[in-house]
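Trainee: need a structure here:
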Amino acid sequence: MKKPLQSALALLGLVLSGAATAQYMPRQPPAMITPPAQANPFMQYMPVPAAPMVLPVPTLPALPALPNLSIPGVGFNPLIILGSGQPISATPYTMRQTIPPEAKRQMMQMMMPFMTNVFRMSMPDAMAWMSHKYKAKPGLTFDEVLESMNLRANKLNFKYVGSNLMWKDFQAVLGDMDAPRIEVHSYCDIKVGRDLLKISPEFLVFLPCRIGVMEDANKDIWLMMLDWDLSWVKGYEAAMGVTPQLAEGAIEIRDKMDEIMRAGANGEW
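Mentor: Predicted structure coming up:
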């Protein structure tokens, strides 16, 4: 069992080393994340200061197709770690092959040294990067925030589809009477949701769109949602199978969710 796995990892090293030694010429000068004369705004989220980051923008050669390696007892191709390499299916609602837990574990183990040692991220740090949030104006009550959210959602023709009153379960099930008020409210744009599911049925795990509202340790009220800003993948939409119409719809959804949150945070209708 160990020898085949070692052979597979050795082959992976050969593939990656071949790609690393390939010659290429950048199409444009290196992109600077932060000009040298300015402080890097992202460093405020790091526990230690660091120099501005400069990243090259190379044009890498295409990697050769990876062999369909099968190792008894492993159940997956260890050479394909991050993606399947399969094109976007032309048939709507086509489900991808299930990724074995062992493959996910290995991928996360590969990322952990970068997360903890290079980026110095704890789990709360990572969650903060993944969230988009606003603090409600002082003086607004929890119910006033919710009312403003739902009124704005109705104004935007965004369907309200349900709620999870977590704090009541804390009290009823756990007997925790000290936990702050925490609720999750769900909204949906059925057309864009359907179009996303046609491309990736697994996107269902993100639907419907949810906004969490909670009191923090200081009794301040916060509104937050998963941050999925499509501008992060600008220029790669076609490679990801996102049509211009779908990209426009996804951006519209996020903008509406952001507007609902801001209305709730400001007590606006």
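
Trainee: just the helices in the protein please.
Mentor: Using DSSP state H, the helices found in the chain span residues 2-21, 101-113, 123-130, 142-155, 166-174, 190-199, 244-266.

Trainee: what's the burial count for Gly139?
Mentor: 7 (other CB atoms under 10 Å). Glycine gets a C-beta too; all of them are placed from N, C-alpha and C.

Trainee: what's the spacing between it and Thr94?
Mentor: 51 Å (CB to CB, to the nearest Å).

Trainee: now Tyr187
Mentor: 27 Å.

Trainee: neighbour count for the two, which is higher?
Mentor: Tyr187 (22 against 13).

Trainee: what pairs with that one across the strands?
Mentor: In this entry, Tyr187 is beta-bridged to Tyr160, Cys209, by DSSP bridges.

Trainee: enumerate every residue touching it.
Mentor: Contact analysis of Tyr187 by CB atoms under 8 Å, 6 or more residues apart in numbering lists 153, 158-161, 208-211, 257, 260.

Trainee: which of the residues you listed tops the neighbour count?
Mentor: Ile260 (27 neighbours).

Trainee: before we move on, the earlier item: mean pLDDT for the helices of the chain: which is lowest?
Mentor: Mean pLDDT is lowest for helix 2-21 among the helices of the chain, at a mean of 49.

Trainee: pop the domain breakdown of this structure in here.
Mentor: As assigned by automatic domain parsing, the chain contains the domains 1-11+44-121, 127-266.

Trainee: how about the helices of the chain, which one is nearest Glu237?
Mentor: Nearest to Glu237, of all the helices of the chain, is helix 244-266, at 5.2 Å by CB to CB.

Trainee: and the angle for the closest one with helix 142-155?
Mentor: Computed by axes from the mean of the first three to the mean of the last three CA atoms, to 10 degrees, the angle separating helix 244-266 from helix 142-155 equals 150 degrees.

Trainee: who touches helix 244-266?
Mentor: So helix 244-266 is contacted by 132-137, 140, 145-146, 148-149, 151-153, 156, 158, 187, 189, 191-192, 195-196, 199, 209, 211, 213, 223-225, 228-231, 237, 242, 268-269 (CB under 8 Å, 6+ apart).

Trainee: again, but for stretch 226-236
Mentor: Contacts of stretch 226-236 (CB under 8 Å, 6+ apart): 129-132, 206, 210, 237, 240, 242, 247, 250-251, 254.

Trainee: any of the residues you listed buried? List them.
Mentor: Among the contacts of stretch 226-236, those classed as buried by 16 or more other CB atoms under 10 Å are 132, 210, 242, 247, 250, 254.

Trainee: save those residues as a markdown table, and put in distance to Trp167 too.
Mentor: Converted to a markdown table, the buried ones among the contacts of stretch 226-236 look like this (distance: CB to CB, whole Å):
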| residue | distance to Trp167 |
| --- | --- |
| His132 | 22 |
| Arg210 | 16 |
| Val242 | 37 |
| Ala247 | 37 |
| Ala250 | 31 |
| Arg254 | 27 |
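
Trainee: from those residues, which is closest to Met166?
Mentor: Distances from Met166 to the buried ones among the contacts of stretch 226-236, taken by CB to CB, are shortest for Arg210, at 11.7 Å.

Trainee: I'd say the closest one and Met224 touch.
Mentor: No - at 9.4 Å, Arg210 does not count as touching Met224 under the criterion of CB atoms under 8 Å.

Trainee: for Tyr96, give its distance to Met111.
Mentor: No, residue 96 isn't Tyr; it's Arg. On the measure of CB to CB, Arg96 and Met111 end up 20 Å apart.

Trainee: likewise Lys198?
Mentor: 30 Å.

Trainee: ok, the two, which is more surrounded?
Mentor: Lys198 (16 against 11).

Trainee: which residues does the more buried one contact?
Mentor: 92-93.

Trainee: next one: the one 10 residues further on
Mentor: Listed by CB under 8 Å, 6+ apart, the contact set of Pro208 reads 161-162, 186-188, 193.
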